[in-house]
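Asks: Sequence plus predicted model, see below.
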Amino acid sequence: MNVPVTFVERAHRGIGNRSTAAGEVGARRMMSHRIAASADYPAMEEMRDQARRIRLYALGHLDELLARFSDEVEGAGGHVHFAADADEAIAYIRKVAEETNVRRIVKSKSMVTEEIHLNAALEAHDLEVVETDLGEFIIQLSGDTPSHIIAPVMHKTRQDVGELFSEKLGIEYTDDPTELNNVARHHLREIFLSADMGISGCNVAIAESGSIVLVTNEGNGRLTTSAPRIHVAVMGMERIVPTLSDAAVILEVLARSATGQRLSVYTNIVTGARRPGDPDGPEEFHVVILDNGRSRVLAGDAAEVLACIRCGACLNVCPVYREAGGHAYGFTYSGPIGAVITPSLMGLAEWHDLPYASSLCGACLDACPVRIDLPGLLLKLRRDAVSEGLGPDGLEGALKWFTRLATNPGMWRGATRAGGWSAKLIARQGWIKSLPGRGSAWTDYRDLPAPAAKPFHARWKERQRES
Ligand code: SF4
């Protein structure tokens, strides 16, 4: 079986299949929850402006904020490691695991660890890694990859999960969500209690106190960071904000934009390891701060994308994401944010088709709690792709033809008339259902409105004559 290598090939696999349909239902549900939560919160627009200011300020002062954060973590007895890339981050975590005789690792949900393929790297060295977020647990059990940045398993139905649990965990088939939840909880509880290391991500890092903030809707984040002997938090270097008050603003918009909640069920603020007299907590606390291309992005003209707070709202509103499904994006990050961040971090050479996975309708900009100009960034990436000779095949030639037509009124009128005549031949009741060649990429999935029989210029002249 050929592995699809382009967005279009991967999208062809997703369009119209059962998983994508399940994902679309979930995305639409989350979108309506966000709209309701925003409508219910009069300060939302002001909070979005504040959140944007905080994120842009942090990006402009990353050096000093990360230095302060690092000092504070070490002051609280923790360890900080700056990793230039995935290999460095993995090597550090492996070293900590080796030095502390770790065998079993529990993880809470973290996109940045997905980005560096941490699980596979640790498992290759005989470390057992267990995902404890329910969605990620299902993904791990099924050997799948996440399709959404906050709801990784949105493309699976409860029947899918029932069959999976029955096959892998040996339980009697059920598709009752509460029962399935309980099965996972019992299975994972034992694993938590015997784990040596907990690895978490980081939603926000606070410079003034050296704290990391984790938001979850399950208690797994709290258990991951407190039950095992060692806690390692992995964060992208852009996650930082200056103060606790700034973090509070981010939390105000994060949960509302992500799931429509006022606040996620669990908000954990972790500062350092267990201190003398503390009843629980890890003996060691490590923070791995990952660059992995972020410094390059920060220095370029797509730096704004690093303001993202990973809420997933842009995915839920995106017509391309909903039709093609999250796996079409081919990497950890999907939807409009994926179409910008993946080529920005990983390079256009391999990912030059992603910026074209958008209709530029602007819904993502409307939804984004920090008002990232995703359509503008997609256009910049398209410009860069074309200037590096990586634009879509035939685009340059097609645009040259369009320019000749559009700058020559006689030719333009002739072409629009010819379009109208040919449409008459193939259109039925105003719609074209099938086009040959590259046009079939459109009509294979939807009808095309037929061009007007009489072009605008001709109608305009008529109207002027009449008036
Ligand atoms: S780009 Fe904006 S809407 Fe999309 S995930 Fe990031 S913060 Fe959320």
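Replies: Everything's here; your move.

Asks: domains of this protein?
Replies: What automatic domain parsing lists as the domains of the chain is 41-292, 397-466.

Asks: For those, give me TSV that also has mean pLDDT.
Replies: Formatted as TSV, the domains of the chain follow (pLDDT from 0 to 100):
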stretch	mean pLDDT
domain 41-292	96
domain 397-466	87
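
Asks: Now distance to the ligand too, for those, in TSV please.
Replies: All C-beta spots, glycine's among them, are computed from the backbone N, C-alpha and C. Below are the domains of the chain laid out as TSV (distance: least, Cβ to the nearest ligand atom, whole Å):
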stretch	distance to the ligand
domain 41-292	6
domain 397-466	25
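
Asks: ranking those domains by burial, who's on top?
Replies: Counting by mean count of other Cβ atoms under 10 Å, domain 41-292 has the highest mean neighbour count of these, with a mean of 19.

Asks: mind checking how far that domain is from the chain centre?
Replies: The chain centroid and the centroid of domain 41-292 are separated by 15 Å under Cα atoms, centre = their mean, to the nearest Å.

Asks: end-to-end on that domain?
Replies: Distance across domain 41-292, first residue to last, is 37 Å (Cα to Cα, to the nearest Å).

Asks: can you redo the domains of the chain as TSV with distance to residue 384?
Replies: Shown next, in TSV, are these (distance: least, Cβ to Cβ, whole Å):
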stretch	distance to residue 384
domain 41-292	19
domain 397-466	16
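
Asks: Is residue 109 part of a helix or strand, or is it coil?
Replies: Classification of residue 109 by DSSP: H, G, I helix; E, B strand; the rest coil places it in coil.

Asks: what's the closest non-adjacent residue to it?
Replies: Leaving out its chain neighbours, the residue that sits closest to residue 109 by Cβ to Cβ, 6 or more residues apart in numbering is residue 133, at 3.8 Å.

Asks: my guess is the one you found contacts residue 216, does it?
Replies: Yes: shown here, residue 133 and residue 216 form a contact pair, counting by Cβ atoms under 8 Å, at 7.1 Å.

Asks: Between those two, which contacts overlap?
Replies: Common contact partners of residue 133 and residue 216 (Cβ atoms under 8 Å, 6 or more residues apart in numbering): 108, 109.

Asks: so where do the strands sit in the stretch 251-400 of the chain?
Replies: Applying DSSP state E, counting those that start in this stretch to the stretch 251-400 of the chain gives strands spanning 266-270, 284-290.

Asks: can I get the ones you listed in TSV with distance to residue 315?
Replies: Converted to TSV, the strands of the stretch 251-400 of the chain look like this (distance: least, Cβ to Cβ, whole Å):
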stretch	distance to residue 315
strand 266-270	23
strand 284-290	22
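
Asks: for those strands, which one sits closest to residue 187?
Replies: Comparison of those against residue 187 by Cβ to Cβ identifies strand 266-270 as nearest, at 19.9 Å.

Asks: Outside of that closest one itself, list whatever touches it.
Replies: The contact list for strand 266-270 (Cβ under 8 Å, 6+ apart) reads 200, 206, 211-219, 221-222, 225, 231, 233, 244, 251, 285.

Asks: again, only using 7 Å
Replies: For strand 266-270, contacts defined as Cβ atoms under 7 Å, 6 or more residues apart in numbering pick out 211, 212, 213, 214, 215, 216, 219, 221, 222, 225, 251.

Asks: Go through these and say which is closest to residue 80.
Replies: Nearest to residue 80 among these is residue 212, at 11.2 Å by Cβ to Cβ.
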